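Undergrad: next comes the sequence, and after it the predicted model I'd like to discuss.
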Amino acid sequence: MMGTMPRGKDTMMKSGNNGYEYMNKAVLFDLDGVLVDACDWHYEALNRALKQVANYEISREDHNSNYNGLPTKRKLKRLSELGVIRESDMEDISDLKQRLTVEVIEEFCIHSLSKVVLMKMLKKAGYKVGCVTNSIRHTAGLMLEKIGVMDYLDVVITNEQCNYNKPHPEPYIKALVKLNSLPQDSIIVEDSPKGLQAARLTGCRVLEVKNATEVTKELFKDKI
C-alpha cells in the first residue's frame with residue numbers, strides 16, 4: 001500500500017494525557033545505489049572473496065536478479081544451499097569480503113556535495129532524515145562519513161539491528177519508530193527490487209531511483 005506524500009505541518013496525534021504529541025515528517029534513504037553507487041563495489045569484493053576461498057564467482061546477471069540488496073551472509077547462505085560453496089567456508093568468505101569492501105570504500109568513496117545540499121534542504125524543511133541499509137554498521141558508517149552526510153542523519157539502521165532484513169519491512173519500520181514518524185508522513189528512496197519491496201510494505205510514499213546520481217534536491221521538487 002502506498003502512502004500519501006507528506007505536506008505542510010507535522011501530524012498531530014491524540015496522546016493518552018488529553019493532549020497532543022507531534023509526529024515527525026521523515027525521509028529515509030537506502031544506502032547502496034541511493035546515497036552511494038556502491039553496488040559494484042560489493043559485487044566485486046564478494047566475487048574476489050568467493051574466488052579466493054571457494055574458486056567460484058557469481059555472474060553479474062545472476063547477482064542483479066537474485067542477490068542484489070541482500071546482506072552478505074544471506075547471499076552466502078543461499079549459495080551454500082545451492083551447493084556451490086561449503087557452509088564451512090561462509091565465515092572466511094564473509095570476513096574477507098568485508099575487508100575487501102573497506103579497502104574499496106577507502107579508495108573510491110568521496111565527498112558528495114549534491115548529497116550534502118539535499119540533506120540541508122530536507123532538514124531546513126523540517127524533516128527527520130535516516131539511512132536504512134542491509135550493509136553492516138562499519139561499512140555503512142564509513143561510506144556515510146566519506147560522502148559527508150553522517151552529521152545530518154537522525155537515525156542509521158543496519159543489518160545487525162534487525163531480526164529480518166530487506167525485503168522484510170522491519171528495518172524501515174524500526175527507523176520510523178525511532179523517528180516518531182507515521183508512514184503517511186514519510187518518504188522512502190530506494191533502488192533495488194528487494195529494497196523497494198520492503199519500502200512499499202511500510203505504507204510510506206516510495207520514490208524509486210535507478211542510481212545515486214538521481215538522488216539530488218531536484219528529486220524532491222514539488223514533493224515536500
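TA: Sure, I can see it.

Undergrad: tell me the contacts of the closest residue to Asp154 other than its chain neighbours?
TA: Leaving out its chain neighbours, the residue that sits closest to Asp154 by C-beta to C-beta, 6 or more residues apart in numbering is Lys128, at 4.6 Å. Just so you know, the C-beta spots here come from the backbone N, C-alpha and C atoms, and that holds for glycine as well. Contact partners of Lys128, counting by C-beta atoms under 8 Å, 6 or more residues apart in numbering, are Asn24, Lys25, Ala26, Val27, Asp154, Val155, Leu179, Ser181.

Undergrad: count the neighbours of the first one for me.
TA: Applying other C-beta atoms under 10 Å, we find 18 other residues in the vicinity of Asn24.

Undergrad: any idea how far it is from Val156?
TA: Distance, Asn24 to Val156, by C-beta to C-beta, to the nearest Å: 16 Å.

Undergrad: again with the third one
TA: Note on Ala26: its distance to Val156, by C-beta to C-beta, is 13 Å.

Undergrad: in the sheet, who's paired with the residue nearest to Asp154?
TA: Note on Lys128: beta-bridge partners by DSSP bridges are Ala26.

Undergrad: look up how far Leu28 lies from it.
TA: For Lys128, the distance to Leu28 - C-beta to C-beta - is 9 Å.

Undergrad: what about the lengthiest helix in the chain, distance to the chain center?
TA: When the chain is scanned for its longest helix (criterion: DSSP state H), the result is helix 90-108. Centre-to-centre, helix 90-108 and its host chain are 18 Å apart (C-alpha atoms, centre = their mean, to the nearest Å).

Undergrad: what are the buried residues along that helix?
TA: Under the neighbour-count criterion of 16 or more other C-beta atoms under 10 Å, helix 90-108 has Met90, Ile93, Ser94, Leu96, Lys97, Gln98, Leu100, Thr101, Val104, Ile105 buried.

Undergrad: closest to Val53 out of those residues?
TA: Ile93 (4.8 Å; C-beta to C-beta).

Undergrad: show me what contacts that closest one?
TA: Leu46, Ala49, Leu50, Val53, Ala54, Leu76, Ile85.

Undergrad: what does Tyr67 give?
TA: Taking C-beta under 8 Å, 6+ apart as the test, what Tyr67 contacts is Ile58, Lys75, Arg78.

Undergrad: mind redoing it with 10 Å?
TA: For Tyr67, the contacting residues are His42, Tyr43, Leu46, Ile58, Arg74, Lys75, Leu76, Arg78, Leu79, Lys194, by C-beta atoms under 10 Å, 6 or more residues apart in numbering.

Undergrad: is the closest residue to Glu57 other than its chain neighbours part of a helix or strand, or is it coil?
TA: Closest residue in space to Glu57, ignoring its immediate chain neighbours: Asn47 at 4.8 Å, by C-beta to C-beta, 6+ apart. Taken by DSSP: H, G, I helix; E, B strand; the rest coil, the conformation at Asn47 corresponds to helix.

Undergrad: now do the contacts for the nearest residue to Pro193 once chain neighbours are set aside.
TA: The shortest distance from Pro193 to any non-neighbouring residue, by C-beta to C-beta, 6+ apart, is to Gly69 (6.8 Å). By C-beta under 10 Å, 6+ apart, the residues touching Gly69 are 30, 32-33, 39, 42, 75, 133-134, 165-167, 190-198.

Undergrad: what about Gly69, helix or strand, and which?
TA: According to DSSP states H and E, Gly69 maps onto no helix or strand at all.

Undergrad: try Cys131
TA: strand 128-132.
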